[in-house]
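> Sequence and predicted structure are below.
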Amino acid sequence: MSDNPVDQGAEDSVGYVSIRQLGDRDIMLLRGDFAFHGFNGALVAATGLGVPPRRGIIGYGNIQVAWMSSDELLVMTDSASTEKIAKSLEQALKNQHFLLAEVTDSRTVFEIRGDLVREVIAKLCPVDMHPDAFMPGEIRRTRLAQASAAIWMTDDHSVRLICFRSFADYVFNLLKAAAKPGNEVNAFEKAI
């Protein structure tokens, strides 16, 4: 176990948001031809979920499937389900060209919650965080300052962020700096 606090499930409340590293998620990368006969059916059989729409993330309970590109999905689940899902996908897709890689050890997921979560993320990412442009159910691949990341909203006051584990400390500190009181933007408040 690392001595790095971020590697141990860091959590901090800064300003109007709380930042927490989620340690209970397994992540698999699935690449293939979504249009190929049987691909969607294999995914449904393994996860109960099909291929999400472009830039979409769908899920129920502890299972989520995120669209990352025209041939790449992220399958996120609890560790108890990972092996079963992987075996089901490998069996169903064995006659297709596909790649399934368990990438949990190289990624980390943060949850940022609070009234000004959109403003905190907007300070760091070139993503339009306005409620009319980015809503729950959508995912964006982006950059968080110098780190590659993907972000999605689980509700109007909560963002999940996935990045490489090697950037975890850097990302955690960026989020804390962007959330410090006194530098609020309030860019998305509705005009009265």
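Everything's here; your move.

> Helices of the chain, start to end?
With helices called from DSSP state H, the chain shows them at 39-47, 79-92, 117-124, 168-178.

> May I see the buried residues of the longest one?
Spelled out, that is helix 79-92. Ser81, Thr82, Ile85, Ala86, Leu89, Ala92 (16 or more other CB atoms under 10 Å). In short, each C-beta sits where N, CA and C put it, glycine included.

> got the contact list for stretch 39-54?
Residues outside stretch 39-54 that contact it (CB atoms under 8 Å, 6 or more residues apart in numbering): 30, 32-34, 58-60, 63-67, 70, 73, 75, 77, 84-85, 88-89, 92-93, 96, 98.

> For Gly114, name its beta-bridge partners.
Taking DSSP bridges as the rule, Gly114 bridges to Val17.

> tally of neighbours for it?
Number of residues near Gly114 (other CB atoms under 10 Å) recorded here: 19.

> got the domain boundaries for the chain?
Structurally, the chain divides into domains by automatic domain parsing as follows: 13-23+106-178, 26-105.

> Let me have those domains in JSON lines, adding mean pLDDT as columns.
Shown next, in JSON lines, are the domains of the chain (pLDDT from 0 to 100):
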{"stretch": "domain 13-23+106-178", "mean pLDDT": "94"}
{"stretch": "domain 26-105", "mean pLDDT": "94"}
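
> Please verify my assumption that Ile162 contacts Ala150.
Yes: assessed by CB atoms under 8 Å, Ile162 is found in contact with Ala150 at 5.0 Å.

> can you tell which of the helices of the chain is closest to Phe110?
Checking the helices of the chain against Phe110 by CB to CB gives helix 168-178 as the closest, at 6.7 Å.

> Who are the packing partners of that closest one?
strand 11-14, strand 17-22, strand 107-114, helix 117-124, strand 147-155, strand 158-164 (3 or more CB pairs under 8 Å, 6 or more residues apart in numbering; DSSP states H and E).

> That one: which residues count as buried?
Judged by neighbour count using 16+ other CB under 10 Å, the buried positions of helix 168-178 are Ala168, Asp169, Tyr170, Val171, Phe172, Leu174, Leu175, Lys176, Ala178.

> Also stretch 124-140?
Neighbour counts over stretch 124-140 (16+ other CB under 10 Å) mark Leu124, Cys125, Val127, Met129, Phe134, Glu138, Ile139, Arg140 as buried.

> picking up where we left off before, point out the ones among the contacts of stretch 39-54 that are inside strands.
Using DSSP state E, 30, 32, 58-60, 63-67, 73, 75, 77, 98 are the members of the contacts of stretch 39-54 that sit in strands.

> I appreciate the help and will end here.
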